[in-house]
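> model this:
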Amino acid sequence: MCRPSAAQAKTSRSGRGPDGATASASASSSCRRMRRACAHSRRPAGVRARLRVVRATSRTPNRPSNCSSVRERAGCVIRRVLAASVIVPSSSIATRARRWRSSTFINTKHKSSPEGISRSAGGGRSVPGMNIALIGATGTLGTAVHTELTGRGHHVLTVGRTAGDLRHDLTDPDQIAALYRAAGPLDAVVSTAGDVPYKPVAELTADDWQAAFRGKVLSQLELVRQGLPHVAEHGSFTLITGILAREPIPTGAAASMANGAVEAFVRAAAIEIAPQRINAVSPTVFTESLDAYGDFFPGMGSVPLADVARAYVRSVEGRQTGQVYTVQ
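Numbering: from 1, shown residues only. Alright, predicted model coming up:
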């Protein structure tokens, strides 16, 4: 405990007043101040600083403290920082990303047009009347997707190896180039076909693995790579994968490899080709094909073709990119 010095005690004894009350009060006040000073000196530096802030901000409103002024100025600076725009680095990828973020498909200026998306219209579009190239249009899934898209007012150009408006083998990159030259400007490219061998792993040869990659992966990758200059600025690509990417079955190793590769490509390509979009549809076995393929998917549910076709519509007419729409 801090005690008053001899000089302070002497001063207190010589206080004014007939009964020494004034001197005693002064001595007691001095003692309290000294005790507070001693206690304050023993506190950590952080505590002392906080106490100074509290005392400074407890002053009367007509005399604002330096602390309150600093706090007010800091608040203004923080508000200005939060309101400031983020500067994106100048690069081709950053520029495309800014355009993609600021773009939108549907606004009050969009009008329906039978010609579909116009690349010279500054990105505007109307959902009806799109020009769509449908790969594998005569297959089981392709037929269902063709019916759904044409029923929604789109112009669909069918492409197949042996049937369709255009006939090309998509495992040949040269024929993909010929396809785009013949198709002209497009608003969307939809793929519903891919060939893979089904064999036990021990029986798969190097040629089988290459056939799976070429028939379902490389063909669709080339469809996107070569299609970028031919598809509208806000157009889209929709590829086909399958349930075996996430739920393998015996004899389905090559298909699982191909499906997984396509899905990884979709996610990676989406961040580079914006504002063009890319998605994939990944269905389980079709209800309409259970008689032929049901034994290969024991215990797995089936899905109607109409549900899968609607997933394609979601990709073509929607706004999302980099998505894998699972249908099961």
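> could you list every residue that touches the closest residue to Pro304 other than its chain neighbours?
Setting aside the residues directly before and after it, Pro304 is nearest to Thr287 in space (C-beta to C-beta, 6 or more residues apart in numbering), at 4.9 Å. The way it works is simple: take the backbone N, C-alpha and C, and place the C-beta from them, glycine included. Thr287 sits next to 302-305 when contact means C-beta atoms under 8 Å, 6 or more residues apart in numbering.
> Which of the residues you listed sits closest to Thr205?
For those, the residue nearest Thr205 by C-beta to C-beta is Ser302; the value is 31.1 Å.
> Against Ile243, how distant is that closest one?
Per C-beta to C-beta, to the nearest Å, Ser302 is found 10 Å from Ile243.
> Between the two, which has more neighbouring residues?
Comparing Ser302 with Ile243 by other C-beta atoms under 10 Å, the one with more neighbours is Ile243, at 23 against 16.
> give me every residue that touches the residue nearest to that one when sequence neighbours are not counted.
Spatial nearest neighbour of Ile243, excluding adjacent residues (C-beta to C-beta, 6+ apart): Thr284 at 4.3 Å. Residues near Thr284 by C-beta under 8 Å, 6+ apart: 242-243, 297, 300-303, 327-328.
> circling back to that earlier point, what do Ser302 and Ile243 both touch?
Common contacts of Ser302 and Ile243 (C-beta under 8 Å, 6+ apart): 284-285.
> and Ile176, that's in a helix?
Yes. Ile176: assigned to a helix according to DSSP: H, G, I helix; E, B strand; the rest coil.
> just checking, it touches Leu223?
Yes. When contacts are counted by C-beta atoms under 8 Å, Ile176 is listed as touching Leu223 (6.1 Å).
> what's the overlap in contacts for those two?
Leu170.
> looking at the contacts of Thr284, which has the most residues close by?
When neighbours are counted by other C-beta under 10 Å, Gly242 leads these with 26 neighbours.
> Let me know the secondary structure of the closest residue to that one other than its chain neighbours.
Distances taken as C-beta to C-beta, 6+ apart place Asn259 nearest to Gly242, at 4.8 Å, with adjacent residues excluded. What three-state DSSP gives for Asn259 is helix.
> Make 43 the first number, not 1, from now on.
Sure, I'll start counting at 43 from here, so that last one is Asn301.
> wait, isn't Asn301 in contact with Pro290?
No. In this structure, Asn301 is not within contact of Pro290 by C-beta under 8 Å, at 9.7 Å.
> of the two, who's got more company?
Using other C-beta under 10 Å as the criterion, Asn301 and Pro290 rank with Asn301 on top: 27 against 15.
> Please report the distance of the more buried one from Gly360.
From Asn301 across to Gly360, the span is 22 Å (C-beta to C-beta).
> Just the ones of the contacts of Thr326 in helices?
Assigned to helices by DSSP state H, none of the contacts of Thr326 qualify.
> Just the ones in strands from those, please.
The strands in this structure, assigned by DSSP state E, contain Val369 from the contacts of Thr326.
> Perfect, I'm done here.
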